[in-house]
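**Q** attaching a predicted model along with its sequence, questions to come.
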Amino acid sequence: MKGCKILLVGIGGLGSEILKCLLFSGFKKIDIVDHDVVEISNLPRQIFYKKCDIGNSKVLVMAKNVKELFKYDNELEIRPFNGEIEQLIKNSSINLNEYDFILSGLDNIQGRRVLNAFLFQNTKNECDKSDRKTQIFIESGTEGLNGHTRVIIPNYTSCYECTLNLNTDEINYPLCEIKEFPRTPLHCISYAIFLYEQQIEDEAELSKNVNRTEKISKIYNIASNHAKSFGIKGVTIDLTKRIVGSIVPTPHSTNTIIASYVVSKLIKIISSLTNDDRKIAYFSNGFTNYFLYYGESGIYCSPVKLDKEQDCIFCST
């Protein structure tokens, strides 16, 4: 594990837990990617941040604080890349060929699709090189009390495009998008709900019977102001009423469960890649490339094998 080079894209609630598991499992070469800044809402659920870090780049702060925490580990190499993964690859700041494993803690579908596309394009461009390493992409996500992990290996497993139908149809938006680049009234209301919940001083108040009319009114006012700042029309009281309650927060426990599975799966794969014969046998004999965790009405875990789609633009070529 010490020799494996890891690229971790996205270090929000899930990504920071994945990083924690990697560090305490003995991985030494980790590059981290994110374009966001530390906010006060990150502090209770992301252990590497402090109050004085608010407003600063997540990856720069993360790398600094991790190095400080592990200052006696001379073998640890953690490099921060502040920006969007797509741009970092396009301008050659990041070369995917350097990495043995690519892990994703991204909170949006588009970012995962971009990473999947770059990985398969990179594999296609490098296929004539005999010394090319098999790159493995482990993608994961959480929502409320549910989570998933999927392993994507070009030429061996299905890819992200093959399994787009598994994504939820519910309305969920990444915070950075609805805060900085809202495009619709739904974005503005979703962000207003987030801000309203941040104004509540402690969790005890969440359980109180608050006046629904007053709550809707406050959220509507916040959403209206946010919409005006970006020239967006269509935020109404009726729409606010329909959206309130549809956004489910993800507790820290869900992120911990999924992050632990990601790194456990990673270690298991590494132990099976000691030679080509073991690698082929491992990926050919019932390899489970998708794991679903469902915690809403109990604790249910379901590892399954997802096959390639015959008409997939990546897997079928």
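**A** Arrived safely, thanks for sending.
**Q** do you know the pLDDT at Asn125?
**A** Looking at Asn125, its pLDDT is 62.
**Q** what's downstream of the helix or strand containing Ser140, the next helix or strand?
**A** Per DSSP states H and E, Ser140 falls inside strand 136-143. Sequence-wise, the next helix or strand downstream of strand 136-143 (DSSP H and E) is strand 146-152.
**Q** other SSEs contacting the next helix or strand after that following strand?
**A** Following strand 146-152 in sequence order, the next helix or strand is helix 175-180 (DSSP H and E). On a contact count with 3 or more Cβ pairs under 8 Å, 6 or more residues apart in numbering; DSSP states H and E, helix 175-180 meets helix 185-199. From N, CA and C alone the C-beta is placed, and that goes for glycine too.
**Q** what about the helix it packs on, average pLDDT?
**A** In this model, helix 185-199 has an average pLDDT of 85.
**Q** okay, now the unreliable bits of the stretch 1-150 of the chain?
**A** Filtered on pLDDT under 70, the stretch 1-150 of the chain yields the residue ranges 124-134.
**Q** so which residues of the stretch 201-317 of the chain form helices?
**A** For the stretch 201-317 of the chain, the helices defined by DSSP state H, counting those that start in this stretch occupy 203-206, 212-229, 237-243, 252-271, 276-284.
**Q** residues making contact with the strand holding Ser140?
**A** With Cβ atoms under 8 Å, 6 or more residues apart in numbering as the test, strand 136-143 has contacts from 13-14, 18, 100-107, 112, 115-116, 119, 147-153, 160, 168, 170, 172, 248, 250, 254-255, 258-259, 261-262, 265-266, 269.
**Q** do that again at 7 Å, thanks
**A** 14, 101-105, 112, 115-116, 119, 147-153, 160, 168, 172, 248, 250, 254-255, 258, 262, 265-266, 269 (Cβ atoms under 7 Å, 6 or more residues apart in numbering).
**Q** likewise for stretch 77-96?
**A** Under Cβ under 7 Å, 6+ apart, the answer for stretch 77-96 is 9, 28-33, 35, 57, 59-60, 62-63, 66-67, 102, 111, 114-115, 118-119, 122, 135.
**Q** could you list which of the residues you listed belong to strands?
**A** Val9, Lys29, Ile30, Asp31, Ile32, Val33, Ile102 (DSSP state E).
**Q** bridge partners for the fourth one, pull those for me.
**A** Here Asp31 sits in beta bridges with Leu7, Arg79, going by DSSP bridges.
**Q** need the CA coordinates for stretch 12-27. CSV is fine.
**A** C-alpha atoms of stretch 12-27 as CSV (Å, rounded to 0.1, in the frame of the first residue of the first chain):
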residue,chain,number,x,y,z
GLY,A,12,-16.3,17.1,1.1
GLY,A,13,-18.2,15.1,3.7
LEU,A,14,-17.6,11.7,2.0
GLY,A,15,-14.2,12.6,0.5
SER,A,16,-12.7,13.7,3.8
GLU,A,17,-13.8,10.4,5.4
ILE,A,18,-12.2,8.5,2.6
LEU,A,19,-8.9,10.4,3.1
LYS,A,20,-9.0,9.7,6.8
CYS,A,21,-9.4,5.9,6.1
LEU,A,22,-6.6,6.0,3.6
LEU,A,23,-4.2,7.7,6.0
PHE,A,24,-4.9,5.4,8.9
SER,A,25,-4.7,2.3,6.6
GLY,A,26,-1.1,3.1,5.6
PHE,A,27,-1.4,4.8,2.2
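**Q** all set now, cheers.
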